[in-house]
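Trainee: Test case, fold it:
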Amino acid sequence: MKTNRLVLSLLVPQIAIVSTFAAEKPHDDNYITDSVRQKLAADTVVKGGDLEVIVKDGAVTLNGKVKEQRQKDKAEHLAKRVGGVKSVVNNIKVEKQ
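Mentor: Numbers count the residues shown, from 1 in each chain. Got it, this is the predicted structure:
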């Protein structure tokens, strides 16, 4: 029984260290692109905009058109909240129709 406790006491800190490093793993550009696109598509304010997402080394560039300024602002806000995003360049144009 003491051996089991000893093994557990040695393994628990190792598991915690491994899970910490796994959580800090940087996200690649494909993951960021997919995540930003999903957030934009799911958002009720931004949804319906004609948007393009380009990611290079964690820097997100948003292109396209929306009908309202609040859609442009919300798209940028959502992109900034995705894990791994280092910066956002918002080139979205507001074209009221």
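
Trainee: helices and strands of the protein: which one has the lowest mean pLDDT?
Mentor: helix 2-23 (a mean of 57; mean pLDDT, DSSP states H and E).

Trainee: Please state the offset of whichever helix or strand comes after that one from the chain centre?
Mentor: Remark: after helix 2-23, the chain's next helix or strand is helix 29-42, criterion DSSP states H and E. Taking CA atoms, centre = their mean, to the nearest Å, the mean C-alpha location of helix 29-42 is offset from the chain mean by 7 Å.

Trainee: got the buried residues for helix 29-42?
Mentor: Neighbour-count burial for helix 29-42, counted by 16 or more other CB atoms under 10 Å, picks out 32, 33, 35, 36, 37, 39, 40. Where C-beta positions appear, they are placed from N, C-alpha and C, glycine not excepted.

Trainee: which residue ends up closest to the midpoint of this structure in space?
Mentor: residue 82 (1.9 Å; CA atoms, centre = their mean).

Trainee: Now do the same contact list for that one.
Mentor: 27, 32, 35, 36, 39, 60 (CB atoms under 8 Å, 6 or more residues apart in numbering).

Trainee: In CSV, list those along with pLDDT.
Mentor: Output for the contacts of residue 82, formatted as CSV (pLDDT from 0 to 100):
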residue, pLDDT
27, 88
32, 97
35, 96
36, 97
39, 96
60, 98
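
Trainee: Which pair of these spans the longest distance?
Mentor: Largest separation among the contacts of residue 82 by CB to CB: 27 and 39, giving 13.4 Å.
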